[in-house]
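S.K.: The amino acid sequence is not available; the structure is as follows:
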């Protein structure tokens, strides 16, 4: 942990344990001073906040990528620049990752649990596909893990090791699917009692689970200065590389959770005439994947308009943009 003056002069630098008593003792030595703290996002954040927030003027949770960007900035190496440790002091000028009260934190913990379960389930599905690929087998059905696919898998003649791998994956898959369903039901109940979730669900492609995930991810919409900032937070803005005075745009940064809105865009093209027209117009100019990401960005802007300005989604206006 590094303690600095406002101008970047190092006061203290060294390790501090994550024990609550040690943290409280460390920050109480600065009592009577206006202390601002920036800490990288980590699993210990809730306990850190509980101990440190009452002891300081301001506590900000920051994205690790923001810390890396500032610490490696050219400015710190120039004469009169920040310096390696001093660069961290510049974080007070960066918008932090703001977590709300217990309700917001509980919502975030639940959606993260569901996301973890879904990822594990996907890995198991990929493992089954890998076994089939190794044996040169191709599923005759679209949904390998539906009823028809399960019957086909059960009738396959596989070597003992391959059969064991498939059977274990399927058993674990059933367990994860059951837990995901439980989380879906709980999120659905919470969404029905949350007015913000209900409003978000008026946007095409956003259902109960995705509405709760958005609320957990965004937190206080007021911390985003404009729709562009909200899109950037989700990794839905193009990567820009500058060299010799020239700027080149690449794919999206993906420094967030772009997949959520991309999935919403895919659903929206099937459920919303306005979203479908917007996608088809983009599709005539761009690759289908690029068009889907562009639609995801438009839906993200609609989320900002609803949460920040109270502007509801309108099919006709959306398709015309």
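M.R.: Good, I have the coordinates. Everything numeric in this text was worked out from a predicted model, so none of it was measured.
S.K.: My read is that residue 27 contacts residue 57, right?
M.R.: No. Between residue 27 and residue 57 there is no contact under C-beta atoms under 8 Å: 11.0 Å. Any C-beta I mention is one placed from the backbone N, CA and C, and that applies to glycine too.
S.K.: Now do the shared contacts for those two.
M.R.: residue 35 (C-beta atoms under 8 Å, 6 or more residues apart in numbering).
S.K.: those helices in the protein, which residues are they?
M.R.: Along the chain, the segments classed as helices by DSSP state H run 20-28, 45-52, 64-71, 86-89, 102-134, 147-155, 160-192, 195-200, 208-218, 227-233, 258-271, 273-283, 288-309, 315-320.
S.K.: For residue 183, see how far away residue 212 is.
M.R.: 10 Å (C-beta to C-beta, to the nearest Å).
S.K.: neighbour-wise, which of those two wins?
M.R.: residue 212 (25 against 18; other C-beta atoms under 10 Å).
S.K.: got the contact list for that one?
M.R.: 107, 110-111, 187, 190-191, 194, 197.
S.K.: again, but for residue 16
M.R.: When contacts are counted by C-beta under 8 Å, 6+ apart, residue 16 is found next to 1, 22-23, 26.
S.K.: Can I get the buried part of those residues as one ChimeraX selection?
M.R.: This is how ChimeraX selects the buried members of the contacts of residue 16, with burial counted by 16 or more other C-beta atoms under 10 Å:
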select :23,26
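S.K.: which one of the contacts of residue 16 sits closest to residue 237?
M.R.: residue 1 (32.5 Å; C-beta to C-beta).
S.K.: Can you tell me the closest non-neighbouring residue to the closest one?
M.R.: Take residue 1 and drop its neighbours on the chain: the residue closest to it by C-beta to C-beta, 6 or more residues apart in numbering is residue 16, 4.6 Å away.
S.K.: Below-threshold pLDDT in the stretch 151-300 of the chain: ranges please.
M.R.: The model of the stretch 151-300 of the chain has pLDDT under 70 over residues 239-257.
S.K.: would JSON lines of the contacts of residue 212 with neighbour count and distance to residue 235 be doable?
M.R.: What follows is the contacts of residue 212, written out as JSON lines (neighbours: other C-beta atoms under 10 Å; distance: C-beta to C-beta, whole Å):
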{"residue": "107", "neighbour count": "21", "distance to residue 235": "21"}
{"residue": "110", "neighbour count": "17", "distance to residue 235": "22"}
{"residue": "111", "neighbour count": "22", "distance to residue 235": "17"}
{"residue": "187", "neighbour count": "24", "distance to residue 235": "23"}
{"residue": "190", "neighbour count": "20", "distance to residue 235": "26"}
{"residue": "191", "neighbour count": "20", "distance to residue 235": "24"}
{"residue": "194", "neighbour count": "19", "distance to residue 235": "25"}
{"residue": "197", "neighbour count": "24", "distance to residue 235": "23"}
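S.K.: dump the residue contacts of residue 308.
M.R.: Residue 308 touches 221-222, 224, counting by C-beta under 8 Å, 6+ apart.
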